[in-house]
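Colleague: What follows is a protein structure lacking sequence information:
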């Protein structure tokens, strides 16, 4: 059996989540490996969310937002660009290949692009193999 | 102003002192012939044909009515024997110069001249000076003038050369009473004006324009070129013409906006093999529509560049649509408007009509039936995308025609169809500035067309509250669909208004003043200016109404003092744990 990576996708409500929705309503076929968490804006993505996902055993993390200039909140995604660039540098220090993490722009009209982005990250992470981080044991209560 | 009493042809009337006799007579409905007179120009008194008899006491004078100021108590005779005798003489002199001009001959006949005593000249300019005066006083171009003296006096441009000061307004030809000045019918100029240009500087932009008021086209208006003319201002009785009017930018506060910014026609020059712009008889859809319109430049006559009706017409479908090189999408309306064209061409000219189509998409109510009607009208349908249009003939039947090369996929053959005229069923494209508009209103825009909030559940709303979309700015659609969508958008706005209150976002961010260290990192982050700093308490505060809950500030807060409601750190962490439930087993 081929390795099926488990990827956490954090999507902004207005562009990427809607774009993913469009991929669905358009019946576009794409890899089922991305598990989606919705936030209102990619600017809401605290770098700790990504680290948390890796810590919990995700093989990859995809953050997707509106194209620069198209942010519903005007410039939330510009903050994301800066934060994610810094985070990417840190990942290697944590023993995570930076390729496991990706920041992408998918607009609400780009259902096909969402499918491409998902297929691409799934393929790339599949090549990298399973994450080396051992997931933290499940706690009784889900305190962070 | 003093009022005087004047008698004209026995009719006693009152007028302002020193009013020219001609004006008084015209008011009374008495006809005095004129040649060099024009109501918009100063009286000139050069043609003398308006000569009348003026009696004042015992004194009798022959004067020109156009510029003779009436005084109190005069008696004017406009058609006495003496007047008729003088006018006959004047006409005979004129005919000695211009013996074959219709307006003079007509007048001569009226005054009983069969053969003028001084012979008939061959000139056709009576030197009335209307053209010279209109060029100077009205247009302000100063191109025409009188040259030489006596018998050789003539109207000309400086040194008889074509003047670059001439703006080709045609005013001189318009006022010329004898037709001595003609405008050369420049086919290329007429052609250039045909597609969408206005017919006159003052026009109603299109028949259904709202408000239905004429506008002045600054590009072609003489006033904006030379500073002269303003004829419209002089003739407008209600004084509605104002050349000083400037476009203004007004700020209007509104609670909702409906965007219906429309589309742009596909530029057929992007497909060079169809020869649009190269062959004058290859028209775009909008150009043909304009030609076909009863209010268009040809008055609804379907004609080729040479003015003749076409005997055969080809209509090429999907120009710029369903095309890997241009737009992949279907423009939806072209099939039906192409069918409409075919029907009208058949009806108006009886020409053979060939439709070159990929697929016929006749989806609406009554549309398929219309397609069948056309099949019965013997409009020809050839399935295949036209490869090229050429004017290079292979045999005699193709000489002087446009030849459409096409693979007829139903019979599996490449064919050459010679036609007189080709109409390109050009597709619909997003307006050129659609992305700018999308940015202005903060809505999203997939391939140039605005994205609706939900294709089925919220088709006229957008991701931004209060911004609605209708019509082709959302995607190609025909008029019924556009009207339906516009109605829906208007109702959506109306429902916001009639409710009288709006719901604000509940998922806003709030600051825990206990935790806030007052570092002010978040202060610069908010693009909606919802975050401010309370100088007194030294903590940050968030304005609940302005905040739309994006959470950018919450993600940046180093002391976790900002809580993004419904998207708190705890909630998102649990969600991440949740989506990874099978890994953490």
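Modeller: Right, received. Where do you want to start? If you're wondering where the values come from, they're calculated on a predicted model, not measured in any experiment.
Colleague: neighbours around the spatially closest residue to residue B:78 that is not a sequence neighbour, how many?
Modeller: Excluding the flanking residues, the one nearest residue B:78 by Cβ to Cβ, 6 or more residues apart in numbering or on different chains is residue B:52, at 4.9 Å. Placement of C-beta: from N, CA and C, glycine included. Per other Cβ atoms under 10 Å in any protein chain shown, the neighbour tally for residue B:52 reads 27.
Colleague: List the beta-bridge partners for residue B:52.
Modeller: Applying DSSP bridges to residue B:52 gives these bridge partners: residue B:63.
Colleague: now stretch B:449-468, how far from the chain's geometric center?
Modeller: Distance of stretch B:449-468 from its chain centroid, counting by Cα atoms, centre = their mean, to the nearest Å, is 31 Å.
Colleague: pLDDT of it, averaged?
Modeller: Mean per-residue pLDDT for stretch B:449-468: 87.
Colleague: Same question for stretch B:372-384.
Modeller: Stretch B:372-384 comes out with an average pLDDT of 94.
Colleague: Name the residues of that stretch that are buried.
Modeller: By neighbour count on 16 or more other Cβ atoms under 10 Å in any protein chain shown, the buried set for stretch B:372-384 is B:374, B:379, B:381-384.
Colleague: now swap in stretch A:108-120 and tell me
Modeller: Across stretch A:108-120, burial judged by 16+ other Cβ under 10 Å covers A:108-111, A:113-118.
Colleague: ok, residues contacting the helix or strand where residue B:405 lies?
Modeller: Using DSSP states H and E, residue B:405 falls within strand B:402-408. Here strand B:402-408 makes contact (Cβ atoms under 8 Å, 6 or more residues apart in numbering or on different chains) with B:275, B:279, B:281-282, B:314, B:316, B:354, B:356, B:382-394, B:413-422.
Colleague: The particular helix or strand that has residue B:354 in it: how far from the chain's middle?
Modeller: If you go by DSSP H and E, residue B:354 is part of strand B:352-357. Relative to its parent chain, strand B:352-357 has a centroid offset of 30 Å by Cα atoms, centre = their mean.
Colleague: Okay, buried residues for it please.
Modeller: So, applying 16+ other Cβ under 10 Å, buried residues of strand B:352-357: B:352-357.
Colleague: Which ones, among those, also lie beside chain A?
Modeller: Among the buried residues of strand B:352-357, not one lies near chain A by Cβ under 8 Å from any Cβ of the partner chain.
Colleague: what packs against the helix or strand that comes right after the strand holding residue B:405?
Modeller: Beyond strand B:402-408 in the direction of the C-terminus, DSSP H and E gives the next helix or strand as strand B:413-419. Applying 3 or more Cβ pairs under 8 Å, 6 or more residues apart in numbering or on different chains; DSSP states H and E, one finds that strand B:413-419 contacts strand B:312-319, strand B:352-357, strand B:402-408.
Colleague: quick one, strand B:413-419 and strand B:352-357 angle?
Modeller: With axes from the mean of the first three to the mean of the last three Cα atoms, to 10 degrees applied, the angle from strand B:413-419 to strand B:352-357 works out at 140 degrees.
Colleague: Can you give the strand pairings for the next helix or strand along the chain from strand B:413-419, parallel or anti for each?
Modeller: Under the assignment DSSP H and E, the closest C-terminal helix or strand after strand B:413-419 is strand B:421-426. Paired neighbours of strand B:421-426 in the sheet (DSSP bridges): strand B:282-284 (parallel), strand B:312-319 (parallel).
Colleague: Number of residues surrounding residue A:78?
Modeller: Residue A:78, neighbours per other Cβ under 10 Å, totals 18.
Colleague: and the gap between it and residue B:295?
Modeller: 51 Å (Cβ to Cβ, to the nearest Å).
Colleague: list the contacts for residue A:131?
Modeller: Applying Cβ under 8 Å, 6+ apart to residue A:131 gives the contacts A:54, A:57-59, A:96, A:100.
Colleague: List the contacts of the next helix or strand after the strand holding residue B:354.
Modeller: Next in sequence after strand B:352-357, counting helices and strands by DSSP H and E, comes helix B:367-376. Here helix B:367-376 makes contact (Cβ under 8 Å, 6+ apart) with B:336, B:339, B:342-343, B:346, B:360, B:362, B:381.
Colleague: ok, now with 6 Å
Modeller: Helix B:367-376 is contacted from outside by B:336, B:339, B:342-343, B:360, B:362, using Cβ atoms under 6 Å, 6 or more residues apart in numbering or on different chains.
Colleague: just stretch B:116-126 next, same as before
Modeller: B:92, B:94-99, B:101, B:155, B:178, B:180.
Colleague: Close to chain B: what parts of chain A are there?
Modeller: Those residues of chain A that sit near chain B, judged by Cβ under 6 Å from any Cβ of the partner chain, are A:6, A:8, A:14, A:35, A:37, A:39-41, A:43-44, A:46, A:49, A:52-53, A:56-58, A:70, A:72-76, A:79, A:107-109, A:135, A:138, A:142, A:144.
Colleague: how about the residues of chain B that lie near chain A?
Modeller: So far as Cβ under 6 Å from any Cβ goes, chain B lies against chain A at B:444, B:446, B:451, B:463, B:527, B:549-552, B:555, B:567, B:572-577, B:579-580, B:583-584.
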